[in-house]
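Engineer: Mind looking at a prediction? Sequence and model below.
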Amino acid sequence: MGATACSGEASRLGMPEPISAQAERMLHLWQGSWIAAFAVGAVVWGLIIWAVLFHRKRSDDLPPQVRYNMPIEILYTAVPFVIIAVLFYFTARDENYVERTSKNPAVTIDVIAFQWSWQFDYKERDSTGQEKTVASVVGQPVAPNAPAGPKPVMTIPSDRSVRVRLHSNDVIHSFWVPALLYKKDVMPGYTNEFEFTAKKTGTYEGRCAELCGVDHSRMLFQLKVVTPDEYAKFIADSKAKAAGGAQ
């Protein structure tokens, strides 16, 4: 406890440091659930210790037998329902917040999972409203028994809403960035999506969290959060490179 408290790990109860508004909400739900569990545990252990200390056997006489105690029975029936209702309310509230998507996100990225890497297609709408790919990052599948190459990098701006649309053309994968405190399945024939707003710049590790085949462990990528100006430069450079390649 003393070693982990230095990095704030103890206060997060094992969770990574969150980097998005949605991750912070999930961390608070996690911490609140533990507080509720500790409170219930303290009451239960307190009652057990009280019974052990003050109601232990003192003689061979049979203590008075009570068959029914309606107030107590109502109490221990109602209290669990109240606890469940409170936990359900906060869980539903935070789930709705985390899964909420906006009508016009600042950035839209199509994430394509394949055996055994990732592709990130950055989408924008032209003057006619048609969506087109303005930049693309394609990871290279690692050959068996070959050393791992560079990981594909998904670059996003900080303090901007980012819509991630998940696609797969082969098997079920799972998009997971631990620092987002969130993962979502990538399924063939169905487009899953979610939205988040990163608050902290930096580079964070990501991976596939669904056993998808023999090289599942090599499906690694990185999430790079940069400033809005750096992101604008990344997109501009990608457009210029694409235009140069088309000439």
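Structural biologist: The structure has been received and is ready for your questions.
Engineer: which residues sit against stretch 27-43?
Structural biologist: Residues outside stretch 27-43 that contact it (C-beta atoms under 8 Å, 6 or more residues apart in numbering) are 11, 12, 13, 15, 18, 83, 86, 87, 90, 91, 94, 181. (Each C-beta comes from the backbone N, C-alpha and C, glycine too.)
Engineer: try 10 Å this time
Structural biologist: Residues from elsewhere that reach stretch 27-43 (C-beta atoms under 10 Å, 6 or more residues apart in numbering): 11-18, 79-80, 83, 86-87, 90-91, 93-95, 97-98, 181.
Engineer: Would you write out the PyMOL command that picks the buried residues out of those residues?
Structural biologist: With 16 or more other C-beta atoms under 10 Å as the criterion, this PyMOL line picks the buried residues out of the contacts of stretch 27-43:
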select buried, resi 12+15+16+17+18+94+98+181
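Engineer: Now, the contacts of stretch 27-43 that are in helices?
Structural biologist: 79, 80, 83, 86, 87, 90, 91, 93, 94, 95, 97, 98 (DSSP state H).
Engineer: and those residues as TSV, adding distance to residue 159?
Structural biologist: Shown next, in TSV, are these (distance: C-beta to C-beta, whole Å):
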residue	distance to residue 159
79	43
80	42
83	37
86	33
87	31
90	26
91	27
93	24
94	21
95	23
97	17
98	18
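Engineer: can you redo the residues you listed as JSON lines with distance to residue 218 and pLDDT?
Structural biologist: Shown next, in JSON lines, are the ones in helices among the contacts of stretch 27-43 (distance: C-beta to C-beta, whole Å; pLDDT from 0 to 100):
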{"residue": "79", "distance to residue 218": "49", "pLDDT": "90"}
{"residue": "80", "distance to residue 218": "46", "pLDDT": "90"}
{"residue": "83", "distance to residue 218": "43", "pLDDT": "91"}
{"residue": "86", "distance to residue 218": "43", "pLDDT": "93"}
{"residue": "87", "distance to residue 218": "38", "pLDDT": "92"}
{"residue": "90", "distance to residue 218": "38", "pLDDT": "94"}
{"residue": "91", "distance to residue 218": "34", "pLDDT": "94"}
{"residue": "93", "distance to residue 218": "38", "pLDDT": "95"}
{"residue": "94", "distance to residue 218": "33", "pLDDT": "93"}
{"residue": "95", "distance to residue 218": "32", "pLDDT": "93"}
{"residue": "97", "distance to residue 218": "34", "pLDDT": "94"}
{"residue": "98", "distance to residue 218": "29", "pLDDT": "93"}
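Engineer: Can you get me a residue count around the closest residue to residue 97 other than its chain neighbours?
Structural biologist: Once flanking residues are discounted, residue 97 sits nearest to residue 25: 5.6 Å by C-beta to C-beta, 6 or more residues apart in numbering. Summarising burial for residue 25: neighbours were counted as other C-beta atoms under 10 Å, giving 17.
Engineer: Can you pull out the low-pLDDT segments for this structure?
Structural biologist: 1-8, 142-149, 245-247 (pLDDT under 70).
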